[in-house]
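J.: Quick one, structure for this:
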Amino acid sequence: MNITKSLAVIALAGLSFVSCKKNTEEAPKETAQTETEAPKVKKEIAAENLQTANFSVAGMTCAVGCAKTIQEDLTNLDGVQNATVDFETKSATVTFDKTIQNPESLTKVVLASGDGKTYTVSDMKS
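T.: The predicted model follows:
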């Protein structure tokens, strides 16, 4: 029984060590909300200003650490109504206000989600 526990601990440690790439130089993002902070309310986007961008994201190694992080970073941008990043298809779809965001700014956010070299954006269609 002791050997089984030891092997499980070693396997988990090894898995966490080689799983998703994370930039260790970045300061940790603060995710907890304090009681005085109001939840971020997104502004309504006029239908005539809505634009959708579809693009490929290369360099993702997992759904939880990579795709989810990129999706959250895109979703939190001002003017973004919705963002979906699919690890399986290595693609992203972002609906945004074209008066606030543009495909170039979306690309910059994806690149910044890693270390600037981990992820690449291609086939941008908007």
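J.: so which helix or strand takes in the residue nearest to residue 52 when sequence neighbours are not counted?
T.: Closest residue to residue 52 apart from its sequence neighbours, by Cβ to Cβ, 6 or more residues apart in numbering: residue 95 at 4.9 Å. Where C-beta positions appear, they are placed from N, C-alpha and C, glycine not excepted. Assigned by DSSP states H and E, residue 95 falls within strand 91-97.
J.: in the following helix or strand past that strand, what counts as buried?
T.: Proceeding N to C from strand 91-97, the next assigned helix or strand is helix 103-113, under DSSP H and E. Neighbour-count burial for helix 103-113, with 16 or more other Cβ atoms under 10 Å as criterion, is recorded at 103, 106-107, 109-111, 113.
J.: Now do the contacts for residue 63.
T.: Counting by Cβ atoms under 8 Å, 6 or more residues apart in numbering, residue 63 touches 87-88.
J.: who's in contact with residue 67?
T.: 57, 60, 85-87 are the contacts of residue 67 under Cβ under 8 Å, 6+ apart.
J.: List buried residues within these.
T.: Buried by 16+ other Cβ under 10 Å: 57, 60, 85, 87, out of the contacts of residue 67.
J.: quick one: which of those is nearest residue 72?
T.: Here the nearest of the buried ones among the contacts of residue 67 to residue 72, counting by Cβ to Cβ, is residue 85; it sits at 9.0 Å.
J.: bridging residues for that closest one?
T.: Beta bridges link residue 85 to residue 92 when assigned by DSSP bridges.
J.: try residue 80
T.: For residue 80, the beta-bridge partners under DSSP bridges are residue 96.
J.: you'd agree it is up against residue 98?
T.: No: using Cβ atoms under 8 Å, residue 80 makes no contact with residue 98, being 11.2 Å away.
J.: quick one on the thing from earlier: could I get the buried ones among the contacts of residue 67 in TSV, plus columns for secondary structure and distance to residue 51?
T.: As requested, the buried ones among the contacts of residue 67 are exported to TSV (DSSP: H, G, I helix; E, B strand; the rest coil; distance: Cβ to Cβ, whole Å):
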residue	secondary structure	distance to residue 51
57	strand	18
60	coil	24
85	strand	18
87	coil	24
